[in-house]
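Colleague: Output the structure for:
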Amino acid sequence: MVIAFHGIKNDAKRRGDSITIPMSSNPSVCPVLPLRTYITRTANLRAIQPGNHHVFLALKSPYHGLSVGTISKVLKDVIKSAGLEGYSAKDFRPMGATAAMQAGIPELAVKKIGRWHSFHFFMEHNVQVHETQDYTDKFLGTK
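Modeller: Down below sits the predicted model:
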C-alpha cells in the first residue's frame, strides 16, 4: 500500500512524499488489509463531496474529514482502553522506530516511514539502540 502525504508539517516546500507499507505475511496483524477495506467501504462517502480526499471520515452526513482533535481523542481512548495510561500517541513513534531498528529494518526505511527529515534528530531523539547479547560476535563476524 502506498500512502501519499501532501503538505505535512515537516514539508516546508510542500513537495509531498509517499511511503510504501508492504503487507504482512500474517493477515491477523497486517495493518494494510483493514485499511484497504476501510478505504474501499468509505469510497462512496468521499464521492458525495467532490475534492474530499481525507482517509478518515466522520461517518455522519456531511461525511467530512476527521479533525486532528477527533483523531487525537480516538487515539487517547484506544491507549486508555489498552491499559497504557500515561502514554500519548506521540510516545509510540520513537518506540516504533526503536523496535524497527532492533528488528533489523534499515535506518533509512525507518526514517522515511516515520517522516523524519533530519537524520541527526531521528537518531538523537527517536531511536534508542541497545546492544544485543551477541553484539560483539556480530560485530567481529564470528557469529
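
Colleague: Need the contact partners of the strand or helix carrying Val78.
Modeller: Assessed by DSSP states H and E, Val78 sits inside helix 68-81. With C-beta atoms under 8 Å, 6 or more residues apart in numbering as the test, helix 68-81 has contacts from 56, 58, 66, 85, 87-89. C-betas here are computed from N, CA, C, even on glycine.

Colleague: immediately after that helix, which helix or strand?
Modeller: helix 92-102.

Colleague: which intervals of the chain have sub-threshold pLDDT?
Modeller: Residues of the chain that meet the criterion pLDDT under 70 lie in 7-12, 14, 125-126, 128-132, 135, 139-140, 143.

Colleague: what ranges do the strands span in it?
Modeller: In the chain, the strands defined using DSSP state E lie at 2-5, 17-20.

Colleague: TSV for the ones you listed, including mean neighbour count?
Modeller: Shown next, in TSV, are those (neighbours: other C-beta atoms under 10 Å):
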stretch	mean neighbour count
strand 2-5	11
strand 17-20	12
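
Colleague: got the ones you listed as a markdown table, with distance to Phe119 columns?
Modeller: Below are the strands of the chain laid out as a markdown table (distance: least, C-beta to C-beta, whole Å):
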| stretch | distance to Phe119 |
| --- | --- |
| strand 2-5 | 18 |
| strand 17-20 | 15 |
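
Colleague: Out of these, which is closest to Pro50?
Modeller: strand 2-5 (18.6 Å; C-beta to C-beta).
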